Structure formats: C-alpha cells, structure tokens
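> Just a sequence and a predicted model for now, questions to come.
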Amino acid sequence: MMLNQIPKKLGLLTLLVSALFLSETSLAMEHPGKALAEKIGVPWPAVIGHRGASFDAPEETIPSYALARDLGADYLEMDIQRTKDGVLIALHDNTLGRTTNIAQVYPERVNDPISTFTLEELKRLDAGSWFNAAFPARARSSYVGLKILTLNEVINIAEEGENKPGLYVETKLPAQFPGVEEDLQKLLAKRGWLDQRPAAAKGHVNVANTPGRVILQTFERPSLELLQKNMPQVPKVLLLWIGDGYMEASSTVDFKASGAKDKAAFYAKREVKSEAEFAAWMDWAKAHGASGIGPASVLKHGGDQSYMDMVKPWMTKMAHDRGLLIHPYTVDAAEDFKALSMRGADGFFTNRAAQLLKFYGRPSKDSIDTLLRRNGY
Ligand code: G3P
Ligand code: CA
C-alpha cells in the first residue's frame, strides 16, 4: 500500500515543483528589473544582508556580517557614521543606548551623538549583550563583549570568506558628518573596492568581482548628489520615506492625533500626496545618478519594520520605466517576499538572509548554527 502510493506522491510533487519553477521563471523573464540589474551589474534578485544577518546576531558586528557572508547574501549592508577622530564606522543609531552598554560605561553620555566619541571610546563598549537581553531565544554567550566595527573591519569580513559579497553602504545622517562622501570614496579606493576585484572560487558568491560590488544608499538628497560627484561610476540607491520632510504626504495628522493603535498601523495609512509627487522624486533620483530606489513597505509580518506602502504597482512601474531598480526595506518573511516580488521588487534588505535565499531557491547548505559555530560564536 505504502509503496504503491510513493510514485503518485512523487508525481504530484514533481508537478507542483514544475509549476512553481515555471511561474518563478516566467516572473523573472517578464520582470523589467532583471534587465536593468544586468545592465548595471547588480545581482537580480538581490539578497541584501541588512546590518549583516541581524536577526541571528547583534547588528553590524563580526558574527552578523560573517554569517550573512557565509549564508550567501549578495551584499553586506551597513550604516556609515564618523567618530570624533575621523574614523568611518558601521552603526545605525545616532546614539548608543539601544545597542551598547553605554549606560554603564559613560552614563552621562547616553544621549550624546556618535560624532562626539573617539574610536577608542567606542571600542570600550559592549555591542553584543543588548541582543542577548532583547532576544533570549537567539542569545549566545559569545556575543557578550562584541565591538562596534570600523568600515575597514567590515571590509575585512567581506574579503575574508570564500563567498565574496558586495558592500551596500548607507551614509547615515550625513548632515552631521560633512565630507563623509569624500571620506568614503578615499577609503573604498584605498581598499581597492572602486576597481575590479578578484573572482570568488566557482560556486561561491562573486558580487565583489562585478561592477555592482558597491552600492551607495542614502535617504538624503544632498548626500546622493555628493556621492554622485565623488563616485559617479558606482551604483546608487535613493531610500524613500513619506512625510517628515521627505516625499510630501497626503495628510499631516501625527501619530497621537491619528488614534492608530501602533506606529505600524499609523504608517500603513500614510500616503504620498499625489502620483505627480512620487513621479517628481523618481525623476529627481534618476537625474542625480540613482540606479535604484529603496522604498519602505507595509508588511504582514513586520512589526516595527512595517511602514508605509511605497511598493504599489503604479509606483514600481514608474520606477522601472525610469530605469530604477527597487530594493524595499526591511523584509524578513516569505509571505512578504512573495507579495512584494509580485509587485516588482528586485531584491530586499533583509535581517534574515537565510530565509530570503531559501525563497529565491538558493538556500545555504549549512545551518545558521553551524556557520556561527564555525566562526567561533
Ligand atoms: O538602508 C536601508 C534600510 O536599512 C533603511 O533603513 O533605518 O535600517 O537604515 P535603516
Ligand atoms: Ca541602512
């Protein structure tokens, strides 16, 4: 009985797999972003390890970036700020309270901006223990005492593994760091990342060896102009937001007045003022050197990563029609990958590179635990 059922089950499975493969293949063939990505040498669809593999390890630290690299992410994503003594570092927040033990080390400086700390002062902080407290199910004793990284150290990680991912570099709060775009150009040039780089061994991620090895990203239009001036040949992505001085919103009602139950519900209702406003931003981005946009998105499984819907089909059409790729942030669940891909996404910023790689049909052969242990975590 059992043996008789096996071929039937296998036949059904083959049909299902074929249907899935055919639909994904035809999606790729019909997708305008695929041709755009090929033209500028950016992988399609792209897996962008947001702050590394930051679901499973403390964001923007060694285990997070090494894990994203070893899982097979196309890019290591990072937020660039500059220390008081002029060193470029990878850190998201403007202050240190969320992701370090600054309250114990420099209690009087908890709300001070990053630009007021020297690298030596930052290196005294523990950038790993907060993760263990926030996410006990994913905690590891080896995360205690992790350090904030310089950009040079992140580049070392990108270069050290068998996979050779690219760098997806954001100028974070660039108005606080005048000249950061030029500093970035100098550092990338010094490290050889603005020129052709060695190929990875066959079967490994090879993005560092392609023209799209570095993608520069920013929310700030003046910074995009400076990135374009300093590195005209490097692909750039304009990150998008509605309201708060960015794209004009259809309403100015704030969170408190809106009566929304949480921030995600509040943002989900926020709309761009008009199609013309959105089109003007797309035109501006294209005219100032962008190769793509990084839109916010409403997520079914997003929590505080769920913002406003900037991946509506008419929006993705406008972007693609202008030759702009679409990399929404920050998406971690298969249901959201699928929905946004169907609307035109060309890849995602994700904290869960393993999940996105699985969705795209190129899963890591090693588990997260195996890779973390292999790197000593
Ligand atoms: O850089 C893309 C995405 O990371 C933007 O959001 O705040 O995580 O930098 P954020
Ligand atoms: Ca970022």
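Yes, it's here. Ligands and ions are numbered 1, 2, ... in the order given.

> and this protein, which residues reach ligand 2?
Neighbours of ligand 2 within the chain, by C-beta under 5 Å from the ion: 79, 170. C-beta: built from backbone N, CA, C; applies to glycine.

> what about 6 Å?
77, 79, 170 (C-beta under 6 Å from the ion).

> Which of these ranks first by neighbour count?
Tallying neighbours with other C-beta atoms under 10 Å puts E77 at the head of these, with 33 neighbours.

> So which other helices or strands are in contact with the longest strand seen in the chain?
What stands out as the longest strand in the chain, according to DSSP state E, is strand 75-82. In this structure, strand 75-82 makes packing contacts with strand 46-49, helix 62-71, strand 88-90, helix 151-160, strand 166-171, helix 180-190, judged by 3 or more C-beta pairs under 8 Å, 6 or more residues apart in numbering; DSSP states H and E.

> pLDDT (mean, whole number) over stretch 349-363?
Across stretch 349-363, pLDDT averages out at 98.

> all strands for the stretch 151-300 of the chain, in order.
166-171, 214-218, 236-239, 292-294 (DSSP state E, counting those that start in this stretch).

> Reformat those strands as JSON lines; add mean pLDDT and distance to ligand 1.
Output for those, formatted as JSON lines (pLDDT from 0 to 100; distance: least, C-beta to the nearest ligand atom, whole Å):
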{"stretch": "strand 166-171", "mean pLDDT": "98", "distance to ligand 1": "5"}
{"stretch": "strand 214-218", "mean pLDDT": "98", "distance to ligand 1": "5"}
{"stretch": "strand 236-239", "mean pLDDT": "98", "distance to ligand 1": "5"}
{"stretch": "strand 292-294", "mean pLDDT": "98", "distance to ligand 1": "5"}
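
> Quick one, which of those gets closest to A57.
Relative to A57, the nearest member of those by C-beta to C-beta is strand 166-171, separated by 17.5 Å.

> Give me the number of neighbouring residues for whichever residue of the chain sits closest to ligand 1.
Using C-beta to the nearest ligand atom, the single residue of the chain nearest to ligand 1 is Y329, 3.8 Å away. Here the number of neighbours of Y329 (other C-beta under 10 Å) works out to 20.

> Hmm, G292 and it touching each other?
No - assessed by C-beta atoms under 8 Å, Y329 is found out of contact with G292, at 12.0 Å.

> Up against ligand 1, what does this structure have?
Residues of the chain lying close to ligand 1 (C-beta under 6 Å from any ligand atom) are 50, 79, 92, 170, 217, 239, 294, 329-330, 349.

> Just flag the most distant two among those.
H92 and G294 (14.5 Å).

> between the two, who's got more neighbours?
Legend: neighbour count by other C-beta under 10 Å for H92 and G294, higher for G294 (26 against 18).

> which residue packs closest to that one, ignoring adjacent ones?
What sits nearest to G294 in space, not counting adjacent residues and going by C-beta to C-beta, 6 or more residues apart in numbering, is L239, at 4.1 Å.

> contacting residues for the one you found?
170, 217-219, 293-294, 329 (C-beta atoms under 8 Å, 6 or more residues apart in numbering).

> for the protein, what are the low-confidence residue spans?
Filtered on pLDDT under 70, the chain yields the residue ranges 1-29.

> and the nearest residue to D126 once chain neighbours are set aside, how many residues sit next to it?
Computed as C-beta to C-beta, 6+ apart, the closest residue to D126 that is not its neighbour in sequence is N101, at 4.5 Å. Neighbour count for N101, taken as other C-beta under 10 Å: 18.

> same check, this time on G52
31.

> Now it: closest residue in space, sequence neighbours ignored.
In space, G52 is closest to S64, 2.9 Å off (C-beta to C-beta, 6+ apart).

> Might one say that that neighbour is in contact with H50?
No - the pair S64 / H50 is not scored as a contact, 9.6 Å apart, by C-beta under 8 Å.

> list the contacts for D366?
Neighbour list for D366: 70-71, 374 [criterion: C-beta under 8 Å, 6+ apart].

> export these to a markdown table and tack on distance to K300?
Shown next, in a markdown table, are these (distance: C-beta to C-beta, whole Å):
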| residue | distance to K300 |
| --- | --- |
| D70 | 29 |
| L71 | 23 |
| R374 | 33 |
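
> Of the residues you listed, which count as buried by neighbour count?
70-71 (16 or more other C-beta atoms under 10 Å).

> Can you tell me which of the contacts of D366 is nearest S142?
R374 (12.2 Å).

> Can you give me the neighbour number for G41?
Using other C-beta under 10 Å, G41 has 15 other residues around it.

> so it sits right up against V214, yeah?
No - in this structure G41 lies outside contact range of V214 using C-beta under 8 Å: 10.9 Å.

> which residues do the two both contact?
P235.

> Let me see the contact set for the residue of the stretch 101-250 of the chain found nearest ligand 2.
The minimum distance from the stretch 101-250 of the chain to ligand 2, using C-beta to the ion, falls at E170 (4.1 Å). Taking C-beta under 8 Å, 6+ apart, we find E170 in contact with 77-80, 216-218, 239.
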